[in-house]
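Engineer: The amino acid sequence is not available; the structure is as follows:
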């Protein structure tokens, strides 16, 4: 029997891989195709000093996280090409030490000999999204569900999650399946969630959530400073409220002196009156936020004299905040990785 015919689409994608990779290599290096097959083929990379490396190339039109287990991997270094690779797909490929390049400019490849490191950034959103009837992972309900998954250790069922969050069981099941497809959680059909990639879930949330855009915010000045304001509010009754941002991260990570207090409240006007705050558009040291969902008041922490949002919510808000906040958010995520038992809940409660 002869070799299987190589589809024209595979030839075209391999040629595109060569073109994209050649543009990223040093100009004195060479790249050539040594074999073609229905999945892609093999490439040989040669440096100017004569060192060579062979790469197995796997090409696809699309590659979803759920399809990674079906890639025809071998022992040799591998490079994956697709028209676009999602951030989650790239993360999973990186974890398995598989190189990648896509048509939007996302690329990562490491070789020991010849010594080579390539990393470039392209699109984080699909430039040509396919129609889907599934649930979106955007919006308050999805954020609340994913936050709960991140901060509560499994197992738990879709029904228990729905009851805890007061959302439709069918919606919860559909979102869980979308998360399974993206390999963000592990769950057999109609069975409990058994494992959660909590950091990847946080990254999924912050890809569409923003502290200042997803909540209804207003800016104020506390004439005596935000620290004094928080102490004063602790002795009053501003109804439901909790601190987020840099003030909430204090005690967990080392942060520079916080300058702005971010406060979630159901009644901003009442809190502003109790705190004698002055409205302002510039020079604010207080931000009052009406929450995107009541989930922000779940699992509050009383670390000090005032209520603080959960560690998970603090990280989400810092990562999507302004000024130094994203840097503090990354430091908090690192702390969460090293101290998981201190912040993850053991039950939905």
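Structural biologist: Cool, got the structure. Because the structure is a prediction, the values reported are computed rather than measured.
Engineer: From here on, just use CA atoms for contacts and neighbour counts.
Structural biologist: OK.
Engineer: mind listing the helices in the stretch 51-200 of the chain by residue range?
Structural biologist: Counting by DSSP state H, counting those that start in this stretch, the stretch 51-200 of the chain has helices at residues 87-95, 140-151, 158-165, 169-181, 198-206.
Engineer: Let me know which of those helices is tucked in deepest.
Structural biologist: Comparing the helices of the stretch 51-200 of the chain by mean neighbour count (mean count of other CA atoms under 10 Å), helix 140-151 ranks first with a mean of 21.
Engineer: out of the helices of the stretch 51-200 of the chain, nearest to residue 47?
Structural biologist: Among the helices of the stretch 51-200 of the chain, the nearest to residue 47 by CA to CA is helix 87-95 (23.8 Å).
Engineer: ok, residues contacting the closest one?
Structural biologist: 63-65, 99-100, 124, 182, 200 (CA atoms under 8 Å, 6 or more residues apart in numbering).
Engineer: I'd like to know which of those residues is nearest to residue 149.
Structural biologist: Nearest to residue 149 among the contacts of helix 87-95, with distances taken as CA to CA, is residue 200, at 11.1 Å.
Engineer: shouldn't the closest one be in contact with residue 184?
Structural biologist: Yes. Counting by CA atoms under 8 Å, residue 200 does reach residue 184; the two are 6.6 Å apart.
Engineer: Assign a three-state SS to residue 316, would you?
Structural biologist: helix (DSSP: H, G, I helix; E, B strand; the rest coil).
Engineer: Offset the numbering so it begins at 568, please.
Structural biologist: From this message on, residue numbering opens at 568, which makes the last subject residue 883.
Engineer: Quick one: neighbours of it, just the number.
Structural biologist: If you count neighbours by other CA atoms under 10 Å, residue 883 ends up with 26.
Engineer: Residue 910 too?
Structural biologist: 15.
Engineer: And for the one 5 residues further on?
Structural biologist: Residue crowding around residue 915 was assessed by other CA under 10 Å; the count is 18.
Engineer: Quick one: residues contacting the nearest residue to residue 719 once chain neighbours are set aside.
Structural biologist: Distances taken as CA to CA, 6 or more residues apart in numbering put residue 912 closest to residue 719, at 4.6 Å, once the chain neighbours are dropped. Taking CA under 8 Å, 6+ apart, we find residue 912 in contact with 718-720.
Engineer: now this protein, which segments are flagged as low pLDDT?
Structural biologist: By pLDDT under 70, the low-scoring segments of the chain are 568-571, 698-701.
Engineer: change it to 50
Structural biologist: Across the chain, nothing is flagged by pLDDT under 50.
Engineer: Please enumerate the strands of it.
Structural biologist: 597-604, 607-613, 619-626, 645-649, 666-669, 674-678, 683-687, 752-754, 760-763, 783-788, 808-811, 828-832, 845-846, 853-857 (DSSP state E).
Engineer: helices or strands up against the shortest one?
Structural biologist: The elements that strand 845-846 packs onto, with contact taken as 3 or more CA pairs under 8 Å, 6 or more residues apart in numbering; DSSP states H and E, are strand 783-788.
Engineer: Which other helices and strands does the strand it packs on contact?
Structural biologist: strand 845-846, strand 853-857.
Engineer: Show residues contacting the longest one.
Structural biologist: Pointing back at strand 853-857 there. Residues contacting strand 853-857 (CA under 8 Å, 6+ apart): 782-789, 793, 827-835.
Engineer: Buried ones in that strand, by neighbour count?
Structural biologist: 853-857 (16 or more other CA atoms under 10 Å).
Engineer: now do stretch 665-680
Structural biologist: By 16+ other CA under 10 Å, the buried positions in stretch 665-680 come out as 665-678.
Engineer: Stretch 770-785 too?
Structural biologist: So for stretch 770-785, counting by 16+ other CA under 10 Å, buried means 771-774, 776-779, 781-782, 784-785.
Engineer: would you list those residues in a markdown table and tack on distance to residue 874?
Structural biologist: Below are the buried residues of stretch 770-785 laid out as a markdown table (distance: CA to CA, whole Å):
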| residue | distance to residue 874 |
| --- | --- |
| 771 | 26 |
| 772 | 23 |
| 773 | 23 |
| 774 | 27 |
| 776 | 23 |
| 777 | 22 |
| 778 | 18 |
| 779 | 20 |
| 781 | 21 |
| 782 | 19 |
| 784 | 19 |
| 785 | 20 |
